Structures are given as structure tokens and as C-alpha cells.
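# coordinates for the following, if possible.
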Amino acid sequence: EDFTATGPVRYNHRQTEDRDIYFISNRTANQIKANCSFRVGQANAQLWNPVTGERLPLSQFERKDGTITIPIEFDAYQSYFVLFGEKETALALNTTKNFTELAVSQELTGAWDLAFDPKWGGPEKIVFNTLQDWTTNTASGIKYYSGIATYKKAFSITSISLGKTYLSLGEVHDMARVKLNGKDLGVVWCAPFRVEVTSAIKSGVNQLEIEVVNRWPNRMIGDKQPADANVREVQTPLDFLGGKKIITGRYTFSTNDHYKIDTPLLPSGLLGPVQILISKK
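Numbering: from 1, shown residues only. As a prediction, the model looks like this:
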């Protein structure tokens with residue numbers, strides 16, 4: 001067979017004049033480890049991460065009966081390109097692991113300071129004693145909120161690892177931007193919701209800020225709720241109703257009636273666990 005795996009991995013295979021290019025993907029929402037077998041002769045395989053742009057040598061493999069079997073780790077729905085035929089010197093068989101092992105150094109528990117955007121119905125300041133799905137909150141301004149909310153937390157580190165250090169956000173709905181000690185470390189939008197913080201983390205007190213954005217339907221569903229009808233006065237734009245003030249409960253307007261009063265809300269916010277991970281390799 002051209003490709004087989006010991007886990008739920010789909011694949012596609014393309015050949016050029018000097019390369020075999022495989023696209024492999026975890027079909028599940030679970031983390032998996034799979035032995036992936038490729039029907040190729042070369043041993044100098046590289047793993048290309050299409051999200052981060054990283055290129056990593058796959059030095060742990062087994063060659064047998066015209067195939068090369070490589071242990072590969074996937075996060076939920078994660079995918080890679082595996083390339084054979086690169087110009088680097090072919091790797092000799094060895095036991096160097098293909099993936100860095102990460103250990104939990106610290107979990108950031110306790111309260112978080114949050115700031116929602118009042119323009120979209122959320123509270124400007126609130127404290128979450130524990131991380132929670134916004135849709136489970138009793139306050140309608142949080143339950144039906146759509147937009148960006150900023151999480152802030154101070155935490156202490158007693159010593160810095162000599163290897164790489166990462167911040168894992170756990171479960172996120174739906175995208176997040178991470179800033180640590182004022183340094184913007186970028187946006188995460190798919191599993192694993194993890195960023196490297198080696199260049200930003202320090203011994204002592206660290207200041208963490210995470211901007212999380214969810215999707216639009218929750219606000220539109222909230223605008224259907226009778227309890228929030230006609231609860232505020234808003235100034236309309238000049239090109240809509242002549243700029244006059246009106247009484248309304250809505251934050252959105254749509255001619256699409258797809259979202260009903262009882263349409264299920266979409267999970268939202270930072271659910272965690274938020275952890276500091278250190279490299280064991």
C-alpha cells in the first residue's frame with residue numbers, strides 16, 4: 001500500500017521530479033500517536049508544519065520491505081506535510097525522538113480579570129474565579145456576548161527552564177492572541193492552542209494577557225430574547241432612521257431569520273486549562 005497508519009489518519013500523495021510529498025491529517029478531535037508507513041525508499045524525511053512553517057527532520061524511523069515507518073504525533077485535527085527526497089544527507093536509523101516531549105511545569109489556576117466590550121453588551125470589568133464558558137454565565141451580557149474579551153492574570157515563576165517554554169491555553173473558542181510581559185506572541189486559531197514563550201517569560205512575576213474572540217451567532221441569538229427587548233436607548237446613524245434615538249434591545253440587525261430564540265448557543269471563551277509547559281528534550 002502507498003500509505004498505512006495505526007491510527008485514524010487520512011493522506012494524499014503527490015510526486016515531483018525529485019520529491020515524494022505526503023499530506024497526512026488526524027481525522028478526529030483527539031490527540032493521537034500513530035505509526036505511519038510510507039512506500040518510499042529514501043530515509044531523509046522532513047515534517048513540514050503548515051500552521052507554523054516549521055521544518056523538522058524525522059530521524060526516528062524504521063525501514064522494512066520497501067516502506068519507511070515513522071512514529072508521528074497529532075493534536076486534534078492536526079495535519080502535516082511529510083517530504084521525502086530533500087537534498088540533505090540521508091539520516092541513519094537512530095532512536096532520537098521526532099517530537100519534543102513537554103512536561104507541565106505549572107498550571108495557572110484561580111481568578112482572572114476580564115474586560116468585555118460594553119458596546120456589545122458585555123461588562124467592562126469582571127472577575128472569573130475559574131475559567132468558564134461564557135454561555136453558562138447567568139448575566140445575559142456575557143451569556144450572549146459576541147466579540148473580544150481580554151483575560152489578564154499575574155503569575156510567578158521561580159526559575160526558568162534551560163529548554164524551550166510554552167504556554168498552553170487548553171480549550172479555546174474560538175481564537176486567541178497572547179501577550180506576555182507586553183510582548184505580542186501572536187494568534188492561535190487551531191489545536192494545539194499553544195505558543196512558545198521562551199523569549200518573553202522571566203523569573204518572578206509575569207503579566208499575562210489573552211484576547212479571546214468568539215463567533216457572531218450568540219449575540220444574534222441574544223437579540224431574540226424577550227427579556228432584553230427595549231432595554232436601552234441608542235443613537236442611530238444618520239443614514240438609518242435619520243440619526244434619531246430609538247428604544248431597542250438589539251445589538252445586531254439581520255434580515256436572515258436563521259437564528260431563533262431557542263437556537264443552541266456556541267461554546268465561547270477561554271476554557272483552559274492554561275499551563276506552562278517545558279521541553280524535556
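# who does the worst-scoring helix or strand of the chain on mean pLDDT touch, helix- and strand-wise?
Of all helical and strand segments in the chain, the minimum by mean pLDDT, DSSP states H and E falls on strand 232-235, at a mean of 74. Applying 3 or more C-beta pairs under 8 Å, 6 or more residues apart in numbering; DSSP states H and E, one finds that strand 232-235 makes contact with strand 245-248. To be clear about C-beta, it is placed using only N, CA and C from the backbone, and glycine gets the same treatment.
# what mean pLDDT would you report for the strand it packs on?
Average pLDDT, strand 245-248: 78.
# try stretch 207-214
For stretch 207-214, the mean pLDDT works out to 98.
# how about it, which residues are buried there?
Under the neighbour-count criterion of 16 or more other C-beta atoms under 10 Å, stretch 207-214 has 208-214 buried.
# likewise for stretch 116-135?
By 16+ other C-beta under 10 Å, the buried positions in stretch 116-135 come out as 116, 120-122, 126, 128, 131-135.
# how about those residues in TSV, adding distance to S203?
Formatted as TSV, the buried residues of stretch 116-135 follow (distance: C-beta to C-beta, whole Å):
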residue	distance to S203
F116	33
W120	38
G121	40
G122	35
I126	31
F128	27
L131	25
Q132	31
D133	34
W134	34
T135	38
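# closest to I142 out of those?
W134 (5.1 Å; C-beta to C-beta).
# using a markdown table, lay out the buried residues of stretch 116-135 together with pLDDT.
Formatted as a markdown table, the buried residues of stretch 116-135 follow (pLDDT from 0 to 100):
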| residue | pLDDT |
| --- | --- |
| F116 | 98 |
| W120 | 92 |
| G121 | 91 |
| G122 | 95 |
| I126 | 98 |
| F128 | 98 |
| L131 | 98 |
| Q132 | 98 |
| D133 | 98 |
| W134 | 98 |
| T135 | 98 |
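# looking at the residues you listed, which are in strands?
Per DSSP state E, strands hold the following members of the buried residues of stretch 116-135: 126, 128.
# any weak-confidence spans in the stretch 1-150 of the chain?
Residue ranges of the stretch 1-150 of the chain with pLDDT under 70: 42-43, 86-96.
# where along it do the helices fall?
Taking DSSP state H, counting those that start in this stretch as the criterion, the stretch 1-150 of the chain carries its helices at 140-143.
# need the longest helix for this protein.
Secondary structure of the chain per DSSP state H: the longest helix is helix 217-222.
# tell me which strands and helices it is in contact with?
Helix 217-222 packs on helix 140-143, going by 3+ C-beta pairs under 8 Å, 6+ apart.
# and the helix it packs on, what does it pack onto?
In terms of contacts (3+ C-beta pairs under 8 Å, 6+ apart), helix 140-143 is packed against helix 217-222.
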